[in-house]
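In: Coordinates only, no sequence provided:
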């Protein structure tokens, strides 16, 4: 399994392209920089070989580019998201998109994920962890053998974590989700924004857990 990160521009999320037997894209950015994203994907893999697209949650900066990437990959991949994220993804409802002058596309979700589901990403199996707090439909994806975590907007590098002051956010739930993630053995952290961490992610996870004491409203 080879993991490639297309770092987000401006409000875009990071986009991960995982190459293997079950080549997968995780998150899709806003779609406002689609030419750049498509060129980067072509440098990594033949777009027609992408089998799955997974959305870590329902926010526009992760979902806005879904339809463009879906068409770019020959409209073949299956779309995955948590069952609590699918309403907004399928309805295209996003105030954030309107604020940025963009549009949240309406996109059917083929597989509605739930806690404990197992997915093959690249060549390896990952477990779906439901981690609400940033949004109701947030998920992380964890592979125990390689100690790899795709953390969406729940946990970032250097002790930071996702906002909880948007509609649907909940500080108490976010802290519980971070406590849960911090109990995992994580070497490689691939978050929805900012830098990735390869090799010593446990240190970053401990810093994030420590910083949850500053969560407002608890």
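Out: Arrived safely. Remember, it's a predicted structure, so these values are computed and weren't measured experimentally.

In: Please count neighbours and contacts with C-alpha atoms only from this point.
Out: Noted.

In: Show me the helices in the chain, by range?
Out: 34-44, 60-63, 66-72, 86-91, 95-99, 171-182, 201-211 (DSSP state H).

In: ranking these by burial, who's on top?
Out: With neighbours defined as mean count of other C-alpha atoms under 10 Å, the helices of the chain peak in mean count at helix 60-63, which reaches a mean of 28.

In: residues making contact with that helix?
Out: Residues from elsewhere that reach helix 60-63 (C-alpha atoms under 8 Å, 6 or more residues apart in numbering): 11-13, 27-30, 55-57, 89, 94, 96-97, 104.

In: I'd like to know which of those are buried.
Out: 12-13, 27-30, 55-57, 89, 94, 97, 104 (16 or more other C-alpha atoms under 10 Å).

In: Return the closest of those with respect to residue 173.
Out: Checking the buried ones among the contacts of helix 60-63 against residue 173 by C-alpha to C-alpha gives residue 57 as the nearest, at 15.0 Å.

In: The closest one - nearest residue in space that isn't next to it in sequence?
Out: Nearest non-adjacent residue to residue 57, counting by C-alpha to C-alpha, 6 or more residues apart in numbering: residue 138, 4.6 Å away.

In: Distance check, residue 161 against residue 175.
Out: 10 Å (C-alpha to C-alpha, to the nearest Å).

In: Flag the helix or strand of the chain with the lowest per-element mean pLDDT.
Out: Every helix and strand of the chain was ranked by mean pLDDT, DSSP states H and E. The lowest is helix 95-99, at a mean of 82.

In: starting at the chain centroid, how far to that helix?
Out: 19 Å (C-alpha atoms, centre = their mean, to the nearest Å).

In: OK, contacts around the residue nearest to residue 57?
Out: 56-58, 82, 85, 130-132, 152-154.

In: among those, which are in strands?
Out: For the contacts of residue 138, membership in strands holds for 82, 130, 152, with DSSP state E as the criterion.

In: and those residues as TSV, adding distance to residue 63, neighbour count and pLDDT?
Out: Output for those, formatted as TSV (distance: C-alpha to C-alpha, whole Å; neighbours: other C-alpha atoms under 10 Å; pLDDT from 0 to 100):
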residue	distance to residue 63	neighbour count	pLDDT
82	13	25	98
130	18	22	98
152	12	28	98
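
In: Since that was my last question, I'll sign off now.
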